[in-house]
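# mind looking at a prediction? Sequence and model below.
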Amino acid sequence: GKEYGKEYAGKEVLSIPRSSVKKGDRVLLVDDLVATGGTLSAGIELVQLMGGVVAECAWIVEIKFMNARKKLDGLGYKDVPIWALMDESILNLDGLKAKDIDTKEYKDDGEAH
């Protein structure tokens with residue numbers, strides 16, 4: 001496994017089965033939430049140690065102010081394409097207060113969605 005630091009405290013170890021990546025395999029790494037990039041950088045290193053090539057890194061939510069991209073670049077992973085579906089700004093959006101979102105037809109049903 002590969003030990004990495006967590007953004008909020010402590011260390012974790014990321015492991016993958018030995019037979020899961022073979023020399024020359026192209027791998028897509030996907031994570032749900034990226035803050036500091038610790039998990040992704042550990043994943044990239046593991047794939048490379050096994051002879052694979054990380055074709056791309058993707059994540060659902062990026063906490064941009066924690067600078068994961070800067071960390072990955074600093075570790076020498078500038079050549080690995082990375083992208084996020086959204087960042088924390090969309091999670092903080094209050095659609096009912098946003099002036100550029102038309103809410104005149106909106107009816108609150110009182111249920112959490």
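Everything's here; your move.
# distance of the residue nearest to L49 when sequence neighbours are not counted from S15?
Spatially, and ignoring its direct neighbours in sequence, L49 is nearest to K2 (7.9 Å; CB to CB, 6 or more residues apart in numbering). From N, CA and C alone the C-beta is placed, and that goes for glycine too. Going from K2 to S15 by CB to CB, to the nearest Å gives 8 Å.
# circling back: I figured the residue nearest to L49 hits A42, correct?
Yes - with contacts counted by CB atoms under 8 Å, K2 reaches A42, the gap being 4.2 Å.
# still on that earlier bit, overlap in contacts, K2 and S15.
The contact sets of K2 and S15 overlap at L46 (CB atoms under 8 Å, 6 or more residues apart in numbering).
# which of these two has more residues huddled nearby?
Using other CB atoms under 10 Å as the criterion, K2 and S15 rank with K2 on top: 17 against 9.
# what about stretch 92-101, how long is it end to end?
14 Å (CA to CA, to the nearest Å).
# again, but for stretch 48-58
End-to-end span of stretch 48-58 (CA to CA): 17 Å.
# report the buried residues of that stretch.
Across stretch 48-58, burial judged by 16 or more other CB atoms under 10 Å covers 50, 52, 54, 57.
# quick one: contacts for the first one?
With CB under 8 Å, 6+ apart as the criterion, the residues that contact M50 are 16, 18, 20-23.
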